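>>> can't give you the sequence, but here's the structure:
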């Protein structure tokens, strides 16, 4: 089905929006609730490659749109991850593997946008590493916790949407 | 399997070509993409913010008649006092206009006030922002100051059709000039937002404090806008200067930390001050936006 990527995007959007609402709540503590990286993993196991690429790009742009992140950094990173995951679907065949992949992708993506903004502001240098690394670590801990909490409900809603569209289960060929 | 590998290789090549095109593409392509995704999310943001307002409305509606009567009585008293103040200020305004005409003094910028509800807050170590439910269609322009009463909240950074993004005073992108309370000579200091430690309080830095400036003991001096630079009107309170003022490495000046005048993330409503006559920089920005359109 050609429009599977859009339907799965619409099914995922409420979770991305919920993460934004949680970011509103955690704003006084300087945390951003980031779940976009984890949101692309399960669809990558069942969508075709081009569909996964479109879906991941849109998820990345949705996060970037309202934040001062350099244009396209997160979206392009998620697209690269989507190409890798759809080319290695065996990595996503069981639930523990999916959870592990979600954690890794979310942490890598969080590191990327966090560092990209720091670089733009001139805060990423050897002199500032002492300040930068603890902040990055805190953001990564928050992102990992959010992934662990939201993985099950997010996966269930995405599986329901994919099943509804009769998307095939993960196999070797994309 | 080979087909899969070939497909993966082709995808990576296509990806790198796309990255190159993206980097080389003109800025309006990137701005257009960003704008499209912002507008896609705007209805959901409005819906949630209006839902919050509705919840607040029903919360207030559940108050007893006695409570409402007491609140309205208090408001009537405040209104009476304010009316008296408005009349006094009107006399002063007329006299001010007359004196300015006599002295041929350039009139300060006049602002149109747009009251806006806060739709969402967003923060990380590198930015502190709020999103307002007023945008281009309501006359908000980039660079407009955002205040609450006589307190500076921040500056509009990006304007969308029905929403706008505000960089708060503590955001690293925020800059403005200020006077320190108690400095008789009225020397200018520079206020700029600081990247905040997560779990810590967001603050801003006050730089170029004169070496001979000494705040009164036991008091946190107010930091007020200068009115220079054409963004903020003069005399608005940005915050207070913390007690620990230190000398800079070169030893020429001192610097300190600014404590914002309000908890910036608890605001529900703010005012955007839109200059009636746009500054030269704003005209250029608008022209650039029209070119983009």
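Perfect, I can see it now. From a predicted model like this one, the values you see are computed outputs, not experimental measurements. Residues are numbered from 1 along each chain as shown, chains lettered A, B, ... in the order given.

>>> Which parts of chain A are helices?
With DSSP state H as the definition, chain A shows helices at residue ranges A:4-26, A:36-39, A:41-46, A:49-64, A:73-87, A:95-120, A:129-164.

>>> And stretch A:85-101, how far out from the chain middle?
Here stretch A:85-101 is found 14 Å from its chain centre; the criterion is CA atoms, centre = their mean, to the nearest Å.

>>> For that stretch, which residues meet the burial criterion?
A:85, A:86, A:87, A:89, A:91, A:92, A:98, A:99, A:101 (16 or more other CB atoms under 10 Å in any protein chain shown). All C-beta spots, glycine's among them, are computed from the backbone N, C-alpha and C.

>>> Stretch B:48-67 now?
B:48, B:49.

>>> so can I have TSV of the helices of chain A showing distance to residue B:230 and mean pLDDT?
Converted to TSV, these look like this (distance: least, CB to CB, whole Å; pLDDT from 0 to 100):
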stretch	distance to residue B:230	mean pLDDT
helix A:4-26	32	92
helix A:36-39	39	94
helix A:41-46	49	92
helix A:49-64	31	94
helix A:73-87	33	94
helix A:95-120	26	93
helix A:129-164	33	90
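
>>> Looking at the ones you listed, which one is packed in the most?
helix A:36-39 (a mean of 29; mean count of other CB atoms under 10 Å in any protein chain shown).

>>> other SSEs contacting that one?
helix A:4-26, helix A:49-64, helix A:73-87, helix A:95-120, helix A:129-164 (3 or more CB pairs under 8 Å, 6 or more residues apart in numbering or on different chains; DSSP states H and E).

>>> which residues sit against it?
Helix A:36-39 is contacted by residues A:12, A:15-16, A:19, A:59-60, A:62-63, A:74, A:78, A:81, A:102-103, A:105-110, A:143, A:146-147, A:150-151, A:154, A:158 when judged by CB atoms under 8 Å, 6 or more residues apart in numbering or on different chains.

>>> where along the stretch 151-293 of chain B do the helices fall?
In the stretch 151-293 of chain B, the helices defined using DSSP state H, counting those that start in this stretch lie at B:280-292.

>>> What ranges does it have for its strands?
B:151-159, B:164-168, B:175-180, B:188-193, B:204-209, B:222-225, B:237-241, B:246-247, B:254-260, B:269-275 (DSSP state E, counting those that start in this stretch).

>>> try the stretch 1-150 of chain B
For the stretch 1-150 of chain B, the strands defined by DSSP E, counting those that start in this stretch occupy B:111-123, B:128-132, B:145-148.

>>> Need the residue closest to the centroid of chain A.
Of all residues in chain A, the one closest to the mean position by CA atoms, centre = their mean is residue A:37, 1.2 Å from it.

>>> Report the separation between residue B:194 and residue B:123.
13 Å (CB to CB, to the nearest Å).

>>> Quick check: neighbours shared by these two?
Here residue B:194 and residue B:123 share the contacting residues residue B:202, scored by CB under 8 Å, 6+ apart.
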